[in-house]
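Asker: this one's sequence-less:
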């Protein structure tokens, strides 16, 4: 696709003023072919890796980073970070098809605004969406903020993600109200017009805590489970509040806003959480047309009788047996499974091998591809990574709805 000069859309058209927190959004019309000081060149990536991926909007030759979309310090593990964004994109594609729309990282909610919204409501932070602590717990709120800032730095390292899991949720009042909303993610949906690209939709993800951890006055750690019912009701309320705040900007009053509610799994859950609801606001301040999601994730193979039965995943067990029998020098075969509405929708398999010679990796990759083709159904989204002590050796992928496998040896 040829690069297009944006004639009627300036940089201000993708930034907003929102209750004093968001940047100004303005549209300027000009016939001049020369790029002025307030204009930007907007284009998209020319190549689309697959029909399942959005093409990205590029401004002034650079990919525009989104502060809110890339800030994940409040998510408790790498598994939650990955599941949150992957699931949000999957929901976005159901509302805004990739063959009609383009994607830009969220720029409407800046970091300062997002921090206020995900904080507790207080005299200092009236915009906080999480419940206010009792008045006599003001010092505890300040201590909680300090711990949260410290855990934000350490959460960038996956190795310490479990340790920092709920450090931002540790307080010293066992009776305090939980922190329900952990994170907000925004994706902006763009459409091509005669004048360039314009905002056509907003996708918001709300990561909700399924568990709240706190420490009492005797330094005893407690874990309080948050029911799925309470999570849904609070998530819906937060969604309406956020949509109302966005709608306060005139330019956003008729832009469709899709909101999805994500249940963040505890930090010791490697595969991460799942989405429980999504809805859309086509206009007005309320999100309607809520759809419940029936999703579950599992780490395979199951270890122990209390986790589940490997008989639930006969395809993976057959695959694992055939690959292991053919290559006895494998250190292990594991997988992350995503089930939607009771059916296996996605499988990410990781094979760890002791060898890494090119001929051995090539033979293993070919055999794995053959076994996968004869084992897994066409509707399954599949990814297989072959790894050794040297790193990733090969990757095999197959999108859902296709029987075509693609493999790449990274030697």
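Answerer: Yes, it's here. All values derive from a computational prediction rather than experimental measurement.

Asker: Only C-alpha atoms from now on, for both contacts and neighbour counts.
Answerer: Will do.

Asker: average pLDDT across the strand or helix carrying residue 360?
Answerer: Assigned by DSSP states H and E, residue 360 belongs to helix 358-375. Confidence for helix 358-375, expressed as mean pLDDT, is 95.

Asker: In terms of secondary structure, what does it contact?
Answerer: In terms of contacts (3 or more C-alpha pairs under 8 Å, 6 or more residues apart in numbering; DSSP states H and E), helix 358-375 is packed against helix 314-326, strand 391-398, strand 406-409.

Asker: what about the longest one, average pLDDT?
Answerer: Put plainly, it is helix 314-326. Helix 314-326 shows a mean pLDDT of 94.

Asker: Output the contacting helices and strands for it.
Answerer: By 3+ C-alpha pairs under 8 Å, 6+ apart, helix 314-326 packs against helix 358-375.

Asker: Would you mark the buried spots in the helix it packs on?
Answerer: 361, 362, 364, 365, 367, 368, 369, 371, 372, 373, 375 (16 or more other C-alpha atoms under 10 Å).

Asker: so what's the spatially closest residue to residue 300 that is not a sequence neighbour up against?
Answerer: Counting by C-alpha to C-alpha, 6 or more residues apart in numbering, residue 335 is the residue found nearest to residue 300 once chain neighbours are left out, at 5.0 Å. By C-alpha atoms under 8 Å, 6 or more residues apart in numbering, residue 335 lies in contact with 299, 300, 301, 347, 348, 349, 350.

Asker: Residue 343 - how many residues pack around it?
Answerer: Neighbourhood size, residue 343 [other C-alpha atoms under 10 Å]: 12.

Asker: separation between it and residue 93?
Answerer: 20 Å (C-alpha to C-alpha, to the nearest Å).

Asker: Out of the buried residues of helix 358-375, which comes closest to residue 205?
Answerer: Closest approach to residue 205 among these (C-alpha to C-alpha): residue 372, at 33.3 Å.

Asker: residues contacting the residue lying closest to the closest one once chain neighbours are set aside?
Answerer: Among residues not flanking residue 372 along the chain, residue 319 sits closest, at 6.8 Å (C-alpha to C-alpha, 6+ apart). Residues in contact with residue 319 (C-alpha under 8 Å, 6+ apart) are 371, 372, 375.

Asker: would JSON lines of these with distance to residue 187 be doable?
Answerer: As requested, the contacts of residue 319 are arranged in JSON lines below (distance: C-alpha to C-alpha, whole Å):
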{"residue": "371", "distance to residue 187": "37"}
{"residue": "372", "distance to residue 187": "34"}
{"residue": "375", "distance to residue 187": "36"}
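
Asker: most neighbours per residue, which of the helices and strands packed on helix 358-375?
Answerer: Mean neighbour count, computed with mean count of other C-alpha atoms under 10 Å, is highest for strand 391-398 among these, reaching a mean of 18.

Asker: How much space separates the residue nearest to residue 394 when sequence neighbours are not counted from residue 260?
Answerer: Spatial nearest neighbour of residue 394, chain neighbours left out: residue 409 (4.3 Å); criterion: C-alpha to C-alpha, 6+ apart. To residue 260, residue 409 is 37 Å away according to C-alpha to C-alpha.

Asker: Same question for residue 223.
Answerer: From residue 223 to residue 260 the distance is 25 Å (C-alpha to C-alpha).

Asker: go on, residue 53?
Answerer: 19 Å.

Asker: go on, residue 285?
Answerer: Distance of residue 285 to residue 260, given as C-alpha to C-alpha: 16 Å.

Asker: These two: which is more packed in?
Answerer: residue 260 (28 against 19).

Asker: Spit out the contact partners of that one.
Answerer: Contacts for residue 260 (C-alpha under 8 Å, 6+ apart) come out as 88, 91, 203, 204, 205, 206, 275, 276, 277, 278, 279.

Asker: let's see it at 6 Å
Answerer: Counting by C-alpha atoms under 6 Å, 6 or more residues apart in numbering, residue 260 makes contact with 205, 277, 278.

Asker: so the second one is in which element?
Answerer: Spelled out, it's residue 277. Residue 277 is part of strand 274-281 when elements are defined by DSSP H and E.

Asker: so what does that strand touch, helix or strand wise?
Answerer: Applying 3 or more C-alpha pairs under 6 Å, 6 or more residues apart in numbering; DSSP states H and E, we find strand 274-281 packed against strand 257-264, strand 288-292.

Asker: Neighbouring strands of that strand in the sheet, and parallel or not?
Answerer: strand 257-264 (antiparallel), strand 288-292 (antiparallel) (DSSP bridges).

Asker: Between those strands, which one is closest to residue 194.
Answerer: Across the strands paired with strand 274-281, residue 194 has its closest neighbour in strand 257-264 (23.3 Å, C-alpha to C-alpha).

Asker: Run the chain-centre distance for that closest one.
Answerer: 10 Å (C-alpha atoms, centre = their mean, to the nearest Å).

Asker: Quick one: mean pLDDT over it.
Answerer: On average, the pLDDT along strand 257-264 is 98.

Asker: okay, the helices and strands packed on helix 358-375 in TSV with distance to residue 63 next?
Answerer: Converted to TSV, the helices and strands packed on helix 358-375 look like this (distance: least, C-alpha to C-alpha, whole Å):
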stretch	distance to residue 63
helix 314-326	38
strand 391-398	26
strand 406-409	27
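
Asker: Can you say which of the ones you listed is nearest to residue 188?
Answerer: Checking those against residue 188 by C-alpha to C-alpha gives strand 391-398 as the closest, at 27.3 Å.

Asker: Can you name the residues in contact with that closest one?
Answerer: 381-387, 405-410.

Asker: Quick check: pLDDT value at residue 41.
Answerer: pLDDT recorded at residue 41 is 45.

Asker: So for residue 22, what pLDDT did the model give?
Answerer: Listed pLDDT for residue 22 reads 49.

Asker: what's the first-to-last distance across stretch 368-383?
Answerer: Chord length of stretch 368-383, first to last residue, is 11 Å (C-alpha to C-alpha).

Asker: Start at 34, not 1
Answerer: Done: numbering now begins at 34, and the last item shifts to stretch 401-416.

Asker: shouldn't residue 292 be in contact with residue 237?
Answerer: Yes - if you go by C-alpha atoms under 6 Å, residue 292 and residue 237 touch, sitting 4.7 Å apart.

Asker: Next up, the contacts around residue 235.
Answerer: Neighbouring residues of residue 235 by C-alpha under 6 Å, 6+ apart: 221, 222, 290.
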